[in-house]
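**Q** For reference, the sequence and a predicted model appear below.
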Amino acid sequence: MPDLPALPPGSVIGIVGGGQLGRMLALAAGRLGFDVAILEPEPDSPAARVAAHVIVGAYDDPAALKALAALAQVVTYEFENVPAGAVAQLQAMGVTVAPGPQALAAAQDRFAEKTFLNANGAPTVAFAAADTSDEAVEAVARIGAPALMKTRREGYDGKGQRWVETAAAAARVFAELGSVPVIVEAPADFARELSVIAARGRDGATAVYPLAENHHENGILRRSLAPARATPALSDQAERIAARVLQGLDYVGVIGIELFELRDGTLLVNEFAPRVHNTGHWTQDGCEVDQFEQHIRAVAGWPLGPTAAIARVEMLNLLGEEANAWVRLAHEPETRIHLYGKREAKPGRKMGHINKVKPL
Ligand SMILES: Nc1ncnc2c1ncn2[C@@H]1O[C@H](COP(=O)(O)OP(=O)(O)O)[C@@H](O)[C@H]1O
Ligand SMILES: [Mg+2]
């Protein structure tokens, strides 16, 4: 990362992506005195409506990127599929992009991601890559069925992945996933799914949040409980993993690392997201400095803030029509409401979340 002085309040921070994560980053940036510029192809996006500057354009549109570079000295993003070419163009115009291209490259490809993790002492399930149907059959034979086949790129919320129940089904599942490059994973026989949200500043300092315990339904995060019940040994393991990942990526910003806790108490890394993370939303009402402000502090070159829990939180995503219950929710004294301002409540769409807060 180039040696940039800390950004003073009044500066503009660029954010690629206009969804709810961009919106909550923009709100946190505003609290610290920054303006944000949002780059997003959809007009009227959740983030755009709380932003000082909005550029409506494709993420890789050279004119849009030029406009962003004219406004912002530092650019970050709310999703991991920012095109590598866009980052290169921004950097060529003298813009600092954080987290950097190394983190994006690893997070965009499940095979590169797991290879990076293992090389940096962060354990994962056994895995193998396959580009063709024959290689997919071979990969399942090597890993053993049942196995999970996932597209290497562009999967999210459980999309782009299927179980292969028997070796004989490998070719069919490969075709069902679109005959694109895949990764075949051994099943993790986990007791719980956990996540650790962590941050690294431009000076290399790190900060780690308490663990969250996460529950998914139909591939979508439903609920997080935090701080998760954890022995000191379990928290130490998670902190070690976070430190290795942050260091290995020469990372700047907040990262979300998804973990499997095996029945013997060992942690495996499932995947990481080089951005603020849905399982870190509890920090808004449960921690001293939340993940959104932390990310802004990191990319702006400010000192990281403290991450200790100040409350116990149950975070619930509001999907589709569930957000219509805002009146009832507003009557609950323990409930903090976070709505994203999305115009249309499609089924399964993340419309908001609530944090139910209890004393520690
Ligand atoms: N190797 C695995 N073994 C068992 N369950 C898995 C494995 N990989 C993923 N899962 C389950 O599928 C969910 C989604 O997979 P993940 O790799 O996190 O994809 P996404 O990018 O869609 O979040 C995980 O949260 C976990 O519940
Ligand atoms: Mg995941």
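**A** Looks like it arrived, so ask away. Ligands and ions are numbered 1, 2, ... in the order given.

**Q** Where do the strands of the stretch 251-360 of the chain begin and end?
**A** For the stretch 251-360 of the chain, strands defined by DSSP state E, counting those that start in this stretch occupy the ranges 253-262, 267-273, 312-319, 335-339, 350-358.

**Q** Can you name the residues of the protein that neighbour ligand 1?
**A** 125, 148, 155-158, 185, 187-188, 193, 216, 219, 258, 270-271 (CB under 6 Å from any ligand atom). For the C-beta atoms, the positions are set from N, CA and C on the backbone; glycine is no exception.

**Q** Run through the residues that contact the closest residue to residue 238 other than its chain neighbours.
**A** Distances taken as CB to CB, 6 or more residues apart in numbering place residue 196 nearest to residue 238, at 4.4 Å, with adjacent residues excluded. By CB atoms under 8 Å, 6 or more residues apart in numbering, residue 196 lies in contact with 208, 209, 211, 212, 238, 239, 241, 242, 257, 259.

**Q** Quick check on those: which are buried?
**A** 208, 209, 211, 212, 238, 241, 242, 257, 259 (16 or more other CB atoms under 10 Å).

**Q** which ones are touching the second one?
**A** The neighbourhood of residue 209, defined by CB under 8 Å, 6+ apart, consists of 196, 197, 198, 280, 283, 287, 291, 307.

**Q** repeat that with 6 Å
**A** 197, 283, 307 (CB atoms under 6 Å, 6 or more residues apart in numbering).

**Q** Identify the single longest helix in this protein, thanks.
**A** The longest helix of the chain (DSSP state H) is helix 232-248.

**Q** That helix packs against which elements?
**A** strand 190-200, strand 206-208 (3 or more CB pairs under 6 Å, 6 or more residues apart in numbering; DSSP states H and E).

**Q** buried set for the first one?
**A** Meaning strand 190-200. With burial defined by 16+ other CB under 10 Å, the residues of strand 190-200 counted as buried are 190, 192, 193, 194, 195, 196, 197, 198, 199, 200.

**Q** tell me which of those is nearest to ligand 1?
**A** residue 193 (5.6 Å; CB to the nearest ligand atom).

**Q** give me the beta-bridge partners of that closest one?
**A** residue 214, residue 260 (DSSP bridges).

**Q** Kindly reformat the strands of the stretch 251-360 of the chain as CSV containing distance to residue 106 and mean pLDDT.
**A** Formatted as CSV, the strands of the stretch 251-360 of the chain follow (distance: least, CB to CB, whole Å; pLDDT from 0 to 100):
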stretch, distance to residue 106, mean pLDDT
strand 253-262, 11, 98
strand 267-273, 8, 98
strand 312-319, 26, 98
strand 335-339, 29, 98
strand 350-358, 25, 98
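
**Q** Find the one among these with the highest mean neighbour count.
**A** Mean neighbour count (mean count of other CB atoms under 10 Å) peaks for strand 253-262 among the strands of the stretch 251-360 of the chain, with a mean of 24.

**Q** hang on, the earlier thing: mind picking the one among the contacts of residue 196 that's closest to residue 357?
**A** Taking CB to CB as the measure, residue 357 lies nearest residue 212 of the contacts of residue 196, at 14.4 Å.

**Q** Isn't the closest one up against residue 221?
**A** No - assessed by CB atoms under 6 Å, residue 212 is found out of contact with residue 221, at 10.0 Å.

**Q** hmm, back to that, what's the closest of the strands of the stretch 251-360 of the chain to residue 58?
**A** Judging those by CB to CB, what sits closest to residue 58 is strand 267-273, at 21.9 Å.

**Q** Summarise which helices and strands that closest one is packed against.
**A** Counting contacts by 3+ CB pairs under 6 Å, 6+ apart, strand 267-273 packs against strand 253-262.

**Q** contacts for the strand it packs on?
**A** 98-99, 188, 190-192, 194-199, 267-268, 270-274, 276-277, 280, 291, 294-295, 298-299.

**Q** who's in contact with residue 283?
**A** With CB under 6 Å, 6+ apart, residue 283 has these contacts: 209, 290, 291.

**Q** you'd agree the second one is up against residue 284?
**A** Yes - here residue 290 reaches residue 284: they are 4.5 Å apart, a contact under CB under 6 Å.

**Q** from the contacts of residue 209, which is closest to residue 351?
**A** Nearest to residue 351 among the contacts of residue 209, counting by CB to CB, is residue 283 at 20.0 Å.

**Q** Ends of stretch 328-340, what's the gap?
**A** Terminal residues of stretch 328-340 are spaced 18 Å apart (CA to CA, to the nearest Å).

**Q** Quick one: distance of that stretch to the chain centre.
**A** Its chain's C-alpha centre lies 24 Å from the corresponding centre of stretch 328-340 when counted by CA atoms, centre = their mean, to the nearest Å.

**Q** Show me what counts as buried in stretch 77-95.
**A** Here stretch 77-95 shows 77, 78, 79, 80, 82, 86, 87, 89, 90, 91, 95 as buried, counting by 16+ other CB under 10 Å.

**Q** can you pull out the strands in the stretch 1-150 of the chain?
**A** Going by DSSP E, counting those that start in this stretch, the stretch 1-150 of the chain shows strands at 12-16, 35-40, 53-56, 74-77, 96-97, 127-130, 147-151.
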